[in-house]
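> Turn this into a model:
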Amino acid sequence: MDLNGLAAGLAVGLGVIGPGLGIGILTAKSSEAIGRNPDAAGPIRTNMILGAALAEGLGILSFVLGILLWTKIH
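Numbers count the residues shown, from 1 in each chain. Predicted coordinates:
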């Protein structure tokens, strides 16, 4: 039984769940912070974009890893 395809799918699927949840929590908390203190919207938005970019990078890394595993199968 060859489980390489399952490994590639799990690498992508589980690797994207974390950054997806992180970006959702990040957006919720930054919106709450801007609602509480509108004068600090600029720095909060800057930090939010930076955090989202780093989390998205992790998602893309897991996607590339899944593609590499999938091409290794064939």
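
> going forward, measure contacts and count neighbours with C-alpha atoms only.
OK.

> Residue 69: what's it in contact with?
Contacts for residue 69 (C-alpha atoms under 8 Å, 6 or more residues apart in numbering) come out as 4, 5, 7, 8.

> 10 Å instead, please
By C-alpha atoms under 10 Å, 6 or more residues apart in numbering, residue 69 lies in contact with 4, 5, 6, 7, 8, 9, 11, 12, 63.

> Make CSV from those and add neighbour count and pLDDT to it.
Shown next, in CSV, are the contacts of residue 69 (neighbours: other C-alpha atoms under 10 Å; pLDDT from 0 to 100):
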residue, neighbour count, pLDDT
4, 14, 77
5, 16, 81
6, 11, 85
7, 14, 80
8, 21, 81
9, 16, 85
11, 19, 82
12, 20, 86
63, 20, 86
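
> between these, which is closest to residue 43?
residue 63 (30.4 Å; C-alpha to C-alpha).

> How about that closest one: what's its closest non-neighbour residue?
Excluding the flanking residues, the one nearest residue 63 by C-alpha to C-alpha, 6 or more residues apart in numbering is residue 12, at 5.1 Å.

> That neighbour and residue 33: what is the separation?
32 Å (C-alpha to C-alpha, to the nearest Å).

> any idea which element the residue most central in space within the chain lies in?
What sits nearest the mean C-alpha location of the chain, by C-alpha atoms, centre = their mean, is residue 19, with 2.4 Å. Residue 19 is part of helix 4-36, with elements assigned from DSSP states H and E.

> list the buried ones in that helix?
By neighbour count on 16 or more other C-alpha atoms under 10 Å, the buried set for helix 4-36 is 5, 8-9, 11-12, 15-16, 19-20, 22-23, 26-27, 30-31, 34.
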